[in-house]
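Undergrad: here is a sequence together with a model predicted from it:
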Amino acid sequence: MTTDLTSKISLKQKWINIKKVFSYINKMEKGYFVLAAVIQAINATISFMALILSATVLNMISAGKSAKEIISTIFIFLTVYLLLNISSAYCGRHLVVKRESIGTKWQYMVTNKMMDMDYSLTESPLISEIRQRMQKDLNWGGGIYGVLYQYDGLVIDLFFIIGAVIINIPIVYSIISSKNMIGLVMILIVYIVSIILVKWQVKKLERYQSRLLNEPYEPGEQAKRYSLTWGMATGELYEYKNGKDVRIYNGYQLFDQYTYERIEAQREYTHRTGKMAAQAKSMGDGIKGFMYASGYFVVGFITLGGSIAVGSLVQYAGAMQNMFSGIVNLVWNFWDMALSARKHLSTLELIELQDEMYKGKLPVEKRSDNEYEIEFDHVFFKYPGAEEYAIEDFSLKIKVGEKMAVVGMNGSGKTTMIKLLCKLYEPTKGRILLNGVDIRKFDADEYRKLFSVVFQDFQLFSLELGENVSGSEKYDREKVTDCLGKAGFIINQEKMNNGLETYLYKNYDDSGVEISGGEAQKIAIARALYKEAPFILLDEPTASLDPLAENEIYSRFDNIVGTKTAIYISHRLSSCKFCNDIVVFDHGKLIQRGSHEELLKDIHGKYYEMWNAQAKYYQT
């Protein structure tokens with residue numbers, strides 16, 4: 001399902017879109033729409049009570065009623081009026097809670113989908129395109145809150161119309177019973193003209209919304225211009241992580257240029273759509289003005305004929321005013337709601353996107369001896385949208401307790417192998433087996449518990465040190481401290497005076513500490529140790545370090561791993577001295593395998609070439 005916002009859609013399709021968005025809202029907060037309708041019914045009743053009270057008091061004065069009767073009537077009205085306002089305020093308090101909950105849950109729904117969907121989809125061109133459309137679609141109108149407020153307006157408009165019709169039944173009955181044909185014809189003329197004007201307003205709204213939606217969507221320059229300027233507005237580009245490059249390379253000039261281009265494009269776009277909006281709103285106001293005048297004219301004409309009391313003129317004319325205003329606003333709010341719902345379709349397109357990977361349910365065998373064996377069986381893999389294979393006819397067995405080094409130049413397929421191993425991707429062809437069982441059959445979350453991975457682009461969070469290591473708010477403090485010690489990370493009390501409660505970075509806490517790249521890598525390694533998985537994988541986490549520092553990290557880690565299965569991945573060869581089994585990748589293929597001594601004997605092999613190119617860095 002791809003949302004085409006620039007095409008016109010039928011009234012039926014508008015209803016379908018609205019119902020679709022409403023169904024998601026209702027799942028998040030059941031009873032929201034009923035509660036909102038009750039509040040708007042109360043508010044509409046309050047509005048009509050003011051009219052009825054005015055008419056009643058005027059009619060009582062005209063009829064010569066006593067002051068006591070008039071005051072008693074006013075007291076009763078005001079009591080009911082007060083109770084209705086209290087009820088509206090009480091219900092409104094609960095409605096606000098529900099509305100905020102919906103806004104939070106709507107955002108969580110998108111975030112959770114991105115976290116829960118197949119990892120392979122997150123890197124696909126399809127998701128990138130959908131997310132760019134979402135960013136554009138939701139950059140207006142208050143997001144999902146806009147739909148909720150438009151619903152409030154729509155419902156109260158309906159109650160205004162219903163209430164006005166009920167209140168005006170006596171005047172219509174009076175016209176019919178008195179056979180006042182002139183009055184009847186006048187009402188029919190007003191209604192017919194009103195219908196024609198409302199249809200005209202609908203056409204204006206369609207033109208306005210069509211212009212609003214026809215802003216060209218270009219994934220290239222326009223998306224880049226928007227993203228850069230939005231990043232400036234939100235401060236993302238000026239975070240300390242980006243600030244150094246912005247200042248050194250005069251990034252302001254680049255961003256200023258894109259900002260200027262966006263301002264000019266936005267100015268032209270706003271001028272066009274603003275003119276259309278003004279025309280549409282002026283049309284609506286003109287229609288309401290005509291309806292108001294016509295309503296007063298008809299009611300006044302009938303009042304002069306003696307069919308109704310003079311005091312009722314205010315009641316009936318005001319009711320007609322509410323009805324006509326409700327009709328015009330109802331049309332506007334419905335078209336606005338239809339547009340809002342339509343702009344949320346890109347979000348729902350993401351939510352409803354089906355995963356492609358097979359969802360296994362088989363539990364992983366719990367083995368206290370960690371006797372697990374992984375086998376790649378003639379595996380081929382191609383990234384989404386790619387024409388060439390990233391991994392081609394790859395077969396390999398990884399035995400328990402083995403220490404294996406996977407080496408090769410950048411882009412040779414090493415990281416892809418790890419993603420396949422961790423079930424982040426599925427093979428395009430071939431199988432990966434765990435103790436002889438295809439890993440697709442296993443529950444993904446349970447299967448991934450077997451692996452601790454330190455990726456090259458590992459991420460630490462702006463949370464407490466202990467939370468970063470444990471991945472949880474509640475953790476074993478002694479275990480966290482032990483893992484940090486094994487990883488070589490020393491909690492400097494002067495720098496980290498809150499110990500494990502010290503925040504990393506300053507995003508959420510001004511007292512947070514900045515850590516070096518080496519410190520970050522040690523924390524990432526401690527996190528891998530804390531998990532206590534039988535397979536531990538290092539995927540070039542030390543690529544930014546010099547070879548000797550990298551060798552130190554690997555030495556420490558090798559001692560920590562002990563008898564666990566460990567796979568070291570690098571385009572540098574410092575990890576190879578710890579491994580009896582070395583696998584060499586080149587252009588997505590396994591081209592060599594053996595020990596360091598065996599591979600060096602092949603003087604024409606890739607390993608020999610890489611070793612001789614790097615050997616000087618490891619010589620003491």
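TA: That came in fine, so what should we check first?
Undergrad: mind listing what residue 398 touches?
TA: Going by Cβ atoms under 8 Å, 6 or more residues apart in numbering, residue 398 touches 373-375, 404, 535, 565, 567. (Glycine included, C-beta is placed from N, CA and C.)
Undergrad: so what's it bridging to?
TA: Per DSSP bridges, the residues bridged to residue 398 are residue 374.
Undergrad: so what pLDDT did it get?
TA: If you check residue 398, the pLDDT there is 86.
Undergrad: next one: residue 324
TA: Value for residue 324, per-residue pLDDT: 74.
Undergrad: can you check residue 300 too?
TA: 66.
Undergrad: do the same with residue 259
TA: At residue 259, the model reports a pLDDT of 57.
Undergrad: helix, strand or coil: sort out residue 556 for me.
TA: Applying DSSP: H, G, I helix; E, B strand; the rest coil to residue 556 yields a three-state assignment of helix.
Undergrad: helix/strand/coil for the residue nearest to it when sequence neighbours are not counted?
TA: Distances taken as Cβ to Cβ, 6 or more residues apart in numbering place residue 488 nearest to residue 556, at 5.4 Å, with adjacent residues excluded. Under three-state DSSP, the three-state class of residue 488 is coil.
Undergrad: one more: residue 115?
TA: Classification of residue 115 by three-state DSSP places it in helix.
Undergrad: quick check: residue 148 vs residue 138, distance?
TA: Note on residue 148: its distance to residue 138, by Cβ to Cβ, to the nearest Å, is 14 Å.
Undergrad: the more surrounded of these two?
TA: Set side by side, residue 148 and residue 138 show more neighbours around residue 148, with 22 against 18, by other Cβ atoms under 10 Å.
Undergrad: who's in contact with the closest residue to the more buried one other than its chain neighbours?
TA: Distances taken as Cβ to Cβ, 6+ apart place residue 99 nearest to residue 148, at 5.5 Å, with adjacent residues excluded. Counting by Cβ under 8 Å, 6+ apart, residue 99 makes contact with 32, 145, 148.
Undergrad: hang on, the earlier thing: what is the neighbour count of the residue nearest to residue 556?
TA: As a burial measure, residue 488 scores 17 neighbours (other Cβ under 10 Å).
Undergrad: which of the contacts of residue 99 fall in helices?
TA: Among the contacts of residue 99, the members falling in helices (DSSP state H) are 32, 145, 148.
Undergrad: isn't residue 167 up against residue 316?
TA: Yes: with contact defined as Cβ atoms under 8 Å, residue 167 reaches residue 316; the gap is 7.0 Å.
Undergrad: mind giving me the packing neighbours of the helix or strand encompassing residue 331?
TA: Residue 331 belongs to helix 312-343 when assigned by DSSP states H and E. Judged by 3 or more Cβ pairs under 8 Å, 6 or more residues apart in numbering; DSSP states H and E, helix 312-343 is in contact with helix 11-28, helix 32-62, helix 144-167, helix 181-213, helix 251-304.
Undergrad: can you map out the strands along the stretch 351-500 of the chain?
TA: Using DSSP state E, counting those that start in this stretch, the strands found in the stretch 351-500 of the chain span residues 374-381, 391-398, 403-408, 429-434, 437-438, 451-454.
Undergrad: kindly reformat those strands as TSV containing distance to residue 351.
TA: Listed next are those as TSV, based on distance: least, Cβ to Cβ, whole Å:
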stretch	distance to residue 351
strand 374-381	27
strand 391-398	31
strand 403-408	37
strand 429-434	30
strand 437-438	29
strand 451-454	28
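Undergrad: winner for burial among those?
TA: Mean neighbour count (mean count of other Cβ atoms under 10 Å) peaks for strand 403-408 among the strands of the stretch 351-500 of the chain, with a mean of 24.
Undergrad: packing partners of it?
TA: Partner elements for strand 403-408 (3+ Cβ pairs under 8 Å, 6+ apart): helix 414-421, strand 565-570, strand 581-586, helix 606-618.
Undergrad: repeat that for 6 Å
TA: Where contact means 3 or more Cβ pairs under 6 Å, 6 or more residues apart in numbering; DSSP states H and E, strand 403-408 is packed against strand 565-570, strand 581-586.
Undergrad: what are the pairing partners of the last one, and which direction each?
TA: Using DSSP bridges, the strands paired with strand 581-586 in its sheet are strand 403-408 (parallel), strand 589-594 (antiparallel).
Undergrad: looking at those strands, which is nearest to residue 54?
TA: If you check each of the strands paired with strand 581-586 against residue 54 by Cβ to Cβ, strand 403-408 wins as the nearest, at 85.1 Å.
Undergrad: contacts for the closest one, please.
TA: The contact list for strand 403-408 (Cβ atoms under 6 Å, 6 or more residues apart in numbering) reads 414, 566-570, 573, 575-576, 578-579, 581-586.
Undergrad: same thing but 8 Å
TA: Residues contacting strand 403-408 (Cβ under 8 Å, 6+ apart): 398, 414, 417, 558, 561, 565-573, 575-576, 578-586, 606-607, 610.
Undergrad: and residue 334, how far from residue 341?
TA: Distance, residue 334 to residue 341, using Cβ to Cβ: 10 Å.
Undergrad: who's in contact with the closest residue to residue 564 other than its chain neighbours?
TA: Leaving out its chain neighbours, the residue that sits closest to residue 564 by Cβ to Cβ, 6+ apart is residue 536, at 5.6 Å. When contacts are counted by Cβ under 8 Å, 6+ apart, residue 536 touches 451-453, 528-529, 561, 564-567.
Undergrad: again with residue 607
TA: Neighbour list for residue 607: 407, 582, 584, 592, 599-600 [criterion: Cβ under 8 Å, 6+ apart].
Undergrad: buried subset of those?
TA: Burial by neighbour count, judged by 16 or more other Cβ atoms under 10 Å, picks out 407, 582, 584, 592, 599 from these.
Undergrad: quick one: which of those is nearest to residue 365?
TA: Using Cβ to Cβ, these come closest to residue 365 at residue 582, 29.3 Å.
Undergrad: and the residue nearest to that closest one when sequence neighbours are not counted, what are its bridge partners?
TA: Closest residue in space to residue 582, ignoring its immediate chain neighbours: residue 405 at 4.7 Å, by Cβ to Cβ, 6+ apart. Using DSSP bridges, the bridge partners assigned to residue 405 are residue 568, residue 582.
Undergrad: now the helix holding residue 331 and helix 144-167, what's the angle there?
TA: For helix 312-343 against helix 144-167, the angle by axes from the mean of the first three to the mean of the last three Cα atoms, to 10 degrees is 150 degrees.
Undergrad: low-confidence ranges in the stretch 151-300 of the chain?
TA: Residue ranges of the stretch 151-300 of the chain with pLDDT under 70: 171-184, 186-188, 190-191, 194-195, 197-285, 287-288, 290-292, 294-296, 298-300.
Undergrad: ok, residue 109 - contacts?
TA: Residues in contact with residue 109 (Cβ under 8 Å, 6+ apart) are 24, 28, 351.
Undergrad: mark which of those are buried, thanks.
TA: Buried residues within those, counting neighbours by 16+ other Cβ under 10 Å: 24, 28.
Undergrad: adding pLDDT, write the contacts of residue 109 out as TSV.
TA: Formatted as TSV, the contacts of residue 109 follow (pLDDT from 0 to 100):
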residue	pLDDT
24	92
28	91
351	89
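Undergrad: just send the contacts of residue 109 back as TSV, with distance to residue 155 too.
TA: Formatted as TSV, these follow (distance: Cβ to Cβ, whole Å):
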residue	distance to residue 155
24	19
28	19
351	26
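Undergrad: which one of the contacts of residue 109 sits closest to residue 477?
TA: Distances from residue 477 to those, taken by Cβ to Cβ, are shortest for residue 28, at 37.2 Å.
Undergrad: and the pLDDT for the nearest residue to the closest one once chain neighbours are set aside?
TA: Spatial nearest neighbour of residue 28, excluding adjacent residues (Cβ to Cβ, 6+ apart): residue 105 at 4.4 Å. Model confidence at residue 105, given as pLDDT, is 90.
Undergrad: neighbours of residue 105, how many?
TA: Residue 105 has 16 neighbours, counted by other Cβ under 10 Å.
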